[in-house]
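> Dropping the sequence and predicted coords here.
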Amino acid sequence: MRGIKVSGVVECGRRLGRTIGFPTVNLALPEGVELADGVYRSQVEFDGRCYAAMSNVGCNPSVGGAERRIETHLFDFEGDLYGRRIEVELFEKLREECRFPDLEALRRQLEADKQQILNQLNKQ
């Protein structure tokens with residue numbers, strides 16, 4: 001299955017994802033790329049390796065975000081990618097972006113999203 005590819009240099013975010021167990025890499029949305037806001041199954045490629053991932057396209061309303069961007073959590077990866085060029089490929093959309101009442105509710109939903117993606121990958 002082919003998805004929509006977006007490449008760019010990883011930018012510094014507010015580092016909130018790591019506080020709830022979901023560190024992310026952040027990319028600005030390039031001009032002319034039309035993507036609907038929401039959570040997607042995705043894949044990240046850099047240095048010739050691919051990582052299963054999940055991405056949010058939008059402005060992160062649960063944490064007061066304003067700028068639209070792509071935030072991606074890589075599965076089975078630990079490290080620092082700030083300033084590195086990566087490519088994110090977005091596949092199917094899992095759900096709409098929404099506002100959660102607190103970080104714990106967001107964390108629980110991210111766990112469910114991750115499990116849904118892992119279940120899909122295990123069926124392939």
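Looks like it arrived, so ask away. Numbering: from 1, shown residues only.
> Could you tell me the end-to-end distance of stretch 95-108?
One end of stretch 95-108 to the other measures 14 Å (C-alpha to C-alpha, to the nearest Å).
> now it, how far from the chain's geometric center?
14 Å (C-alpha atoms, centre = their mean, to the nearest Å).
> Now tell me what touches it from outside.
16, 19-22, 37-39, 56-63, 109, 113 (C-beta atoms under 8 Å, 6 or more residues apart in numbering). Where C-beta positions appear, they are placed from N, C-alpha and C, glycine not excepted.
> at 10 Å what do you get?
If you take C-beta atoms under 10 Å, 6 or more residues apart in numbering as the criterion, stretch 95-108 is touched by 16-17, 19-22, 36-40, 56-65, 68, 109-110, 112-113, 116.
> quick one, helices of this protein?
When assigned using DSSP state H, the helices of the chain occupy the ranges 103-123.
> So, low pLDDT: which residues of it?
By pLDDT under 70, the weakly predicted segments of the chain are 1, 61-66.
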